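only the shape, not the letters, is given here:
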């Protein structure tokens, strides 16, 4: 029953809830940059990495900052003593307030001090257009992840 409810900020037109919103053409998104868009009245960061797109609700789970205003880069990975191993370049989003780091592919925090995660939103490409929301459109049944 909870999955039937509309998230806050999503309106209804003719009693059909919109399930996706076009946010631009593929060419509007530069590689390895966060573009913040308004989707159904919610702030969402969309990140392009090559041919892949990732969507993140623009709220840090730690203290509510606009996490998508932070830096996209990499992080230090576990390594042997006296060895520095930098990796995940372009897949780590660092919150601007307290520098928490998150993997944009999973939403999980990189600092392993807390299990709070970013809220991911589906992003897909169709006919060179980028959409946020359900890929199947408003006439489908329940979503695949619900």
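Good, I have the coordinates. Predicted model, so just to flag it, every value in this text is computed and none were measured.

helix or strand right after whichever strand or helix holds residue 93?
Residue 93 is located in strand 85-94, with elements delineated by DSSP states H and E. Using DSSP H and E, the helix or strand that follows strand 85-94 towards the C-terminus is strand 101-103.

what's the offset of the helix or strand that that next one is followed by from the middle of its chain?
Following strand 101-103 in sequence order, the next helix or strand is strand 120-121 (DSSP H and E). Distance, stretch centre to chain centre, for strand 120-121: 4 Å (C-alpha atoms, centre = their mean, to the nearest Å).

just checking: what are the partner strands of strand 120-121?
Within its sheet, strand 120-121 is paired with strand 52-57 (antiparallel), according to DSSP bridges.

can you give the contact residues for stretch 111-129?
Here stretch 111-129 makes contact (C-beta atoms under 8 Å, 6 or more residues apart in numbering) with 22, 24-27, 39, 44, 46, 53-57, 59-62, 67, 93, 100-102, 104, 106-109, 130-135, 145. C-beta: built from backbone N, CA, C; applies to glycine.

could you check it and say which residues are buried?
Across stretch 111-129, burial judged by 16 or more other C-beta atoms under 10 Å covers 118, 120, 121, 122, 123, 125.

got the residues you listed as JSON lines, with pLDDT columns?
Listed next are those as JSON lines, based on pLDDT from 0 to 100:
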{"residue": "118", "pLDDT": "95"}
{"residue": "120", "pLDDT": "95"}
{"residue": "121", "pLDDT": "94"}
{"residue": "122", "pLDDT": "95"}
{"residue": "123", "pLDDT": "95"}
{"residue": "125", "pLDDT": "95"}
